[in-house]
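Trainee: Got a sequence here, can you model it:
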Amino acid sequence: MNTPEGGGVRLAALMAALSTATDLAMGQPMENAMASCVVAVRLGEALGVDAPTLRDTYYLALLRYIGCNADVSWLASIAGDELALRREVAKVDFADQPALLAITLRSVVRAHAGRGTLATVQAVVRALAQLPQLRASFFPGHCEVAARLAGRMGFPPSFVQCVGQLYARWDGRGVPALRGGQVALPMQLVALAQDAVNLHAVGGTDAVIAMTHARSGKAHSPRLAARLRECWPALAPGPAEPPLWDQVLGLEPGPPAWLHGDSLDAALQAMADFADLKSPWHLGHSRRVALLAEQAGRNLGLPHPDCERLRRAGWLHDIGRTGVGATLSLARGPLSDREREQLRLHPYHTGRILARGGELEAIGQLASLHHERLDGSGFAKGLDASALTLAARVLAAADRYCTLTEARPHRAALPAAEAASAMRDEVRAGRLDGPAAGAVLAAAGHAARSSPAVRPGGLTARECEVLRLLARGQTVKQAARELGLAPKTVDRHTQNIYTKIGVTTRAAATLYAVEQRLLD
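Mentor: Model (predicted):
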């Protein structure tokens, strides 16, 4: 049961659902994080850890990778299919540099198959030149973004600290460079549990036992590795046990927590930003769709609960994009049939991520319909007008308008008047609903688009310009060219920005720009 009397969503259910999105983003099967949660909590119980530590362990196992979408487009630009790359990386020791290098180079070569030897060699050289950025900014960015999102979801400081240690290792060779007991105990438990679950999927119990020996004193605490090895049969979820979803909800330490009203909205908006971070071309997209859909619903006189659900579905409609390779969002030319089908799966992924009963499932059912069309030409279900509620028609129109007015790699953003004309053409063609599209256009015409009079964080107008360009994925040199400035000047602005807004990585600065609506 995911809905208490009076509405709301259970925190554990929402975070378990979010964990399936991070599974997809990391190239893992759905419920991988939930299996890790079961192992980590059971191991913590076997060790007799205190209740607050067990609670942090529980949520950390579900949310360890909530920062994983940060800078992923950069990774895809040099290594190709980041989902396949991450799937392979999960099987090896993070500190095994030769193995990681071999996996990365194989990924680069696969990405350039058929483009000729020279192009492949050039791509390999570029990849090798950029690999140092993994430790310098990519991994720290994941940690910083994860901590920021966790704080916005209302988690306590102890949990925020844990999730910021995403890639820490017992031997100090991780990111951040903590050693031994400096790594929070929940992170020690979760990292070990996830390695065990990943290796068990590959080689069964023998692979788990071998891992506890090989990585003892390296990636993991010798004490925890030995205990997991001793207790593994009792820790691993078994086929005779209830479904993982039920096991995870049943393991939640302490009384169940519920999200209502503003607290639920804060969590859903953080999830929206998590999804949009995957592509620099989609930053802030889900926020805009939510705002427009809700106002359009009010313009049509929909009841308050329907408008509220429209807003929440707008935030979550693209969370299924986490399961689609980032290279598809970067394509400047036409997609192949196979790539197009992969992209068309994202509404299906959205529905599956949120298909957990109660209000969460109701939001997901609406969110998954944002690409459906009245004439049945949409996706992923191919529904027609007879199966689409007015709310679904409004969400589809809001998503379409926002997409048209946003730039994409293959085209510039349409001016508002041209986007409105394109929307009316789709109404005449029988794809979009007339009243829904009209309500969306009316809402867009009254939306405040100007920058705030007082800029956030004390940023100057020039610093806001620089931050927008950096958030969109431009390098310092590219931003300098666009602004007509020297690269050193842009670099100085960048350092000032980081200092003013209290971040240390581009990934966290990008999230800040989204939070402050600087990209609208």
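Trainee: Please count neighbours and contacts with C-alpha atoms only from this point.
Mentor: Fine.
Trainee: Show me what the lowest-mean-pLDDT helix or strand in the chain is packed against.
Mentor: When the helices and strands of the chain are scored by mean pLDDT, DSSP states H and E, helix 327-330 comes last with a mean of 87. If you count contacts as 3 or more C-alpha pairs under 8 Å, 6 or more residues apart in numbering; DSSP states H and E, helix 327-330 packs onto helix 72-79.
Trainee: what's the following helix or strand after the helix it packs on?
Mentor: Next in sequence after helix 72-79, counting helices and strands by DSSP states H and E, comes helix 82-89.
Trainee: from the middle of its chain, how far away would that next one be?
Mentor: What separates the centre of helix 82-89 from the centre of its chain is 16 Å, taken as C-alpha atoms, centre = their mean, to the nearest Å.
Trainee: Just the angle for it relative to helix 72-79, thanks.
Mentor: With axes from the mean of the first three to the mean of the last three C-alpha atoms, to 10 degrees defining the directions, helix 82-89 sits at 80 degrees from helix 72-79.
Trainee: Count residues in the vicinity of residue 46, would you?
Mentor: Neighbourhood size, residue 46 [other C-alpha atoms under 10 Å]: 14.
Trainee: wait, is it part of a helix?
Mentor: Yes. Secondary structure assignment (DSSP: H, G, I helix; E, B strand; the rest coil) places residue 46 inside a helix.
Trainee: quick revisit: contacts for the least confident helix or strand of the chain?
Mentor: The set of residues external to helix 327-330 that reach it, using C-alpha atoms under 8 Å, 6 or more residues apart in numbering, is 73, 76-77, 80-81, 279, 281, 335, 339, 343, 409.
Trainee: List the buried residues in the helix or strand that that helix is followed by.
Mentor: Heading C-terminal from helix 327-330, the first helix or strand you meet, by DSSP H and E, is helix 337-344. For helix 337-344, burial by neighbour count (16 or more other C-alpha atoms under 10 Å) applies to 343-344.
Trainee: Run the chain-centre distance for the helix or strand that comes right after helix 337-344.
Mentor: The element immediately downstream of helix 337-344 (helix or strand, assigned by DSSP H and E) is helix 346-354. Taking C-alpha atoms, centre = their mean, one finds the center of helix 346-354 at 13 Å from the center of the full chain.
Trainee: go on, stretch 185-205?
Mentor: 22 Å.
Trainee: what's the answer for stretch 139-150, then?
Mentor: Using C-alpha atoms, centre = their mean, we find the averaged C-alpha position of stretch 139-150 to lie 11 Å away from the chain's own average C-alpha position.
Trainee: Show residues contacting it.
Mentor: Outside of stretch 139-150, the residues within contact range by C-alpha under 8 Å, 6+ apart are 64-71, 159-161, 163-167, 175-176, 270, 274, 503-508, 511.
Trainee: redo that, cut-off 7 Å
Mentor: Contacts made with stretch 139-150 from outside it, assessed by C-alpha atoms under 7 Å, 6 or more residues apart in numbering, are listed as 66-68, 70, 160-161, 163-166, 175, 270, 505-508.
Trainee: residue ranges for the helices of the stretch 351-500 of the chain, please.
Mentor: Counting by DSSP state H, counting those that start in this stretch, residue ranges of the helices within the stretch 351-500 of the chain are 358-367, 390-404, 416-428, 434-446, 461-471, 476-483, 487-501.
Trainee: Check which element follows the last one along the chain.
Mentor: Remark: after helix 487-501, the chain's next helix or strand is helix 506-515, criterion DSSP H and E.
Trainee: Check which helices and strands that next one sits against.
Mentor: Applying 3 or more C-alpha pairs under 7 Å, 6 or more residues apart in numbering; DSSP states H and E, one finds that helix 506-515 makes contact with helix 139-152.
Trainee: Tell me the gap between the helix it packs on and the middle of its chain.
Mentor: Distance of helix 139-152 from the chain centroid (C-alpha atoms, centre = their mean) equals 11 Å.
Trainee: quick one on the thing from earlier: which among the contacts of helix 327-330 count as buried?
Mentor: Buried members of the contacts of helix 327-330, scored by 16+ other C-alpha under 10 Å, are 73, 76-77, 80-81, 279, 281, 343.
Trainee: Using TSV, please lay out those residues together with distance to residue 118.
Mentor: Shown next, in TSV, are the buried ones among the contacts of helix 327-330 (distance: C-alpha to C-alpha, whole Å):
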residue	distance to residue 118
73	23
76	20
77	17
80	17
81	20
279	28
281	30
343	30
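Trainee: Which member of the residues you listed is positioned nearest residue 443?
Mentor: Within the buried ones among the contacts of helix 327-330, proximity to residue 443 (C-alpha to C-alpha) peaks at residue 281, which comes in at 22.7 Å.
Trainee: Secondary structure class of that closest one, three-state.
Mentor: Once three-state DSSP is applied, residue 281 turns out coil.
Trainee: Residue ranges in the stretch 1-150 of the chain under the pLDDT threshold?
Mentor: Flagging of the stretch 1-150 of the chain using pLDDT under 70 yields the residue ranges 1-7.
Trainee: all strands for it, in order.
Mentor: For the stretch 1-150 of the chain, the strands identified by DSSP state E, counting those that start in this stretch occupy 9-10, in order along the chain.
Trainee: Quick check: what element follows the helix or strand where residue 205 lies along the chain?
Mentor: Element membership of residue 205, judged by DSSP H and E, is helix 185-214. Counting by DSSP H and E, the element after helix 185-214 in chain order, helix or strand, is helix 222-235.
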